[in-house]
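**Q** The amino acid sequence is not available; the structure is as follows:
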């Protein structure tokens, strides 16, 4: 339209000049369009490259937890007895006794009696777990005598959460923050080395296939056991392989296992290789499978009542929709995607379980979302061992109190242990992980009787 | 506005006349309004009375199948292996042999050899089940020698379905139609007597409470057994009372039982005493519970694929929504509600299972809808014994072929047998029903071994 408008002006000129000017004008406009197009294309390429290069792990092929043809697609679901995260803290009531214990601890420390000092610090901390002086001195003690900078940093952070102006904690935290950040990066680098080793094994390697199958059963066994399911690993395996009931166990416990299986298969077949954002519908579909077999009415729906999770009171039902929209905005944001996948996955887990959008199955659904994110980045689905149940809830509680890093660190440790499980099973890389047996590869603890029954 | 407009006209009159006319006009209008209101009210009362009086059973208090506090509310669900209704008919291929057999049968009949004639008629019918002459002669034989007017009428009807102009069948059908209708009415009257007897027993009668509990388990046992569930009655009872799995049975079979239980409790607590129409949502909510434990993804949703049920090909998935709307229009229509409740319930069952709106659980959902309708009219939920499975599918097939009356009659028989189960258990009325033992009260057949295990 613009070109046509301009062309009408020189209508009085002679035909030759008109033709010449017309051709020139067309050529000029073509040049302009070409230059503009080039600029736009270059910008697009630069932006794309920046996005792609922002984290190496983004290039990883997704990790499929199922060896091809392990067994068919089933669709079923489960329920968790809501975790009680928090031992009921007694805030500041016994502060006086705690301070006496603290002073005694400092005396012992100064006299070089580290063991006695440790016990007194622990006692003071147990009595008054939010007392900034106790937290700060306890941290200094751990740093000085145990060289445990990570734990010390957690204590300084906790002190500052409760008293943001605490001078001693501020100074200490300033020193430890970067040390701890470097230690964390080092741990993530080690994890990525193991992930790369795992990814270098061909999909059709028979040891890898066996390891995947074994880890698949272990993952389901541990994630339902954390919520109180009493099935053993071999019973879990039998249920998934035969779909036949185990005598004496509740039907709900069977359905919890079927639910995890259905949700894992849904993730593996539908979400894992998809490129678009994770949506509200995706999370509801996961939950429908997780809880639906036990409770088909609540499966796939947000709760309509208030719930209480130990000391944590999740948001009221009327707030859930809005909080979930905000959560998904974060989940699909550039900032979140720029994080290391293990950090991203752990935060996604924490944020979802904090909202606690469902009447039941929040823990299992959050762990599955975490594992979806990890698998998309090429990591195996992380197994949180049921033996670490209390540690797991304790770290979630610490996150509720303001410091999410211990939880992220815990998830990183679980990721590494899960990677060990795979690498140990494949002879090429078994030298990268500690020998199995005593202690258990997943828990670092002596094996339980039922673990021998595999 | 109208009054104000008219009032402006006599503005030139004197004040006294104006006031008088004004008052009169107001009074006239009040009278008119009163008369019109009375007419409307009278009409409303007449219509309401007509609706209420159109069937006596409408006054009945609903039948609650659960003795108060039997056990709490659970929410769970199931799957049915799709019934194969129809033995694959061989249409007309062996007509010649069938006609030979028919002629031989007629010879035997004329020679007074009824037993041989019966066998030959059966043979001819088996060879050519849609041959109008065979159907008509076979019917006449049953009427003449066995006095079985009902069966004869079914055969004449079937002959006319295939050949509407068949003179012999037309004449015969004209004669038997009213006889059979009277027999049917008589059967329904007998059923209503038994229902009235049952309703006269106080709710807190301990024998009635025991009978309800027993019938509740039997109802669930038979309705899942019809679809192939292999749990015994005592296993069904154990699952519902303990929620503990039975060794060696599939988890699906457990979930089918939990699903029926959840759906029955939903009907009992939500739909039974409600006055408004049965909605699409109600049927989906029933199905969600019936199927949801086995398949939480499909539970509560119409199927999205074509299904095949033996010889019956239900409508395509794109037609289901519209057919269900039509079905619900009928279900809530005056015509349907004017039917005897047993006829209404049986037709509702047949129409729903004919549409076959779900991928699985159509039979169980249709039987539950039938029982919802019956319970609302004061009848207990009807038990269709698994021993009658083939008869049940055969009558559904006959309905598909054009004659729904045998199916309605079958449901009426099941209703009477179920009423017998209750009345026999309550000493006051046990004289109204046959003695229990051999044969079984529900099936009229020798008891199976597992029935003794109760």
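**A** Right, received. Where do you want to start? Small disclaimer: the values here were computed from a predicted structure and weren't measured.
**Q** C-alpha only now, for contacts and for neighbours.
**A** OK.
**Q** any idea how far chain B is from the residue positioned nearest the centre of chain A?
**A** With distances taken as C-alpha atoms, centre = their mean, residue A:346 lies nearest the centre of chain A, 2.1 Å away. Using C-alpha to the nearest C-alpha, to the nearest Å, residue A:346 is found at 28 Å from chain B.
**Q** which SSE is that residue in?
**A** helix A:341-355 (DSSP states H and E).
**Q** Which strands and helices lie in contact with that helix?
**A** helix A:320-331, helix A:362-376, helix A:389-400, helix A:405-425 (3 or more C-alpha pairs under 8 Å, 6 or more residues apart in numbering or on different chains; DSSP states H and E).
**Q** Show me how far it is from its chain's centre.
**A** 5 Å (C-alpha atoms, centre = their mean, to the nearest Å).
**Q** pLDDT of it, averaged?
**A** Confidence over helix A:341-355, taken as the mean pLDDT, stands at 98.
**Q** can you list contacts of that helix?
**A** Here helix A:341-355 makes contact (C-alpha atoms under 8 Å, 6 or more residues apart in numbering or on different chains) with A:57, A:188, A:314-315, A:320, A:323-324, A:327, A:331, A:336-337, A:362-363, A:366-367, A:369-371, A:373-374, A:377, A:396, A:399-400, A:404, A:407-408, A:411-412, A:415.
**Q** Go again with 6 Å.
**A** Defining contact as C-alpha atoms under 6 Å, 6 or more residues apart in numbering or on different chains, one finds that helix A:341-355 is touched by A:314, A:362, A:366-367, A:370, A:373, A:408.
**Q** For PyMOL, what selects the buried ones among those residues?
**A** Typed into PyMOL, the next command selects the buried ones out of the contacts of helix A:341-355 (criterion: 16 or more other C-alpha atoms under 10 Å in any protein chain shown):
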select buried, chain A and resi 314+362+366+367+370+373+408
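**Q** Closest one of the contacts of helix A:341-355 to residue B:382?
**A** Within the contacts of helix A:341-355, the smallest distance to residue B:382 is 40.3 Å, found for residue A:362 (C-alpha to C-alpha).
**Q** Now the phi/psi pair for residue A:297, please.
**A** The phi/psi pair for residue A:297 (degrees, to the nearest 10) reads phi -80, psi -40.
**Q** tally of neighbours for it?
**A** 23 (other C-alpha atoms under 10 Å in any protein chain shown).
**Q** what number of residues lie near residue A:319?
**A** So residue A:319, with other C-alpha under 10 Å, has 12 neighbours.
**Q** now do residue A:359
**A** By other C-alpha under 10 Å, 20 other residues sit near residue A:359.
**Q** would you say residue A:112 is within a strand?
**A** No: counting by DSSP: H, G, I helix; E, B strand; the rest coil, residue A:112 is not part of a strand but coil.
**Q** ok, it to residue A:118 distance?
**A** Distance of residue A:112 to residue A:118, computed by C-alpha to C-alpha, to the nearest Å: 11 Å.
**Q** Mind pulling up the pLDDT for the residue in the stretch 301-450 of chain A positioned nearest to chain B?
**A** Residue nearest to chain B within the stretch 301-450 of chain A: residue A:301 (12.0 Å; C-alpha to the nearest C-alpha). Turning to residue A:301, the model gives it a pLDDT of 97.
**Q** So it: helix, strand or coil?
**A** Reduced to three states by three-state DSSP, residue A:301 is coil.
**Q** quick one on the thing from earlier: mean pLDDT and distance to residue B:286 for the helices and strands packed on helix A:341-355 - can I get that in a markdown table?
**A** Below are the helices and strands packed on helix A:341-355 laid out as a markdown table (pLDDT from 0 to 100; distance: least, C-alpha to C-alpha, whole Å):
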| stretch | mean pLDDT | distance to residue B:286 |
| --- | --- | --- |
| helix A:320-331 | 98 | 27 |
| helix A:362-376 | 97 | 26 |
| helix A:389-400 | 95 | 38 |
| helix A:405-425 | 93 | 42 |
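**Q** quick one: which of those helices is nearest residue A:258?
**A** Residue A:258 sits nearest to helix A:362-376 of all the helices and strands packed on helix A:341-355, at 12.7 Å, using C-alpha to C-alpha.
**Q** Name the residues of the stretch 201-350 of chain A found near chain B, please.
**A** In this structure, the stretch 201-350 of chain A approaches chain B at residues A:243-251, A:292-293, A:295-296, judged by C-alpha under 6 Å from any C-alpha of the partner chain.
**Q** Thanks again, I'm all set now.
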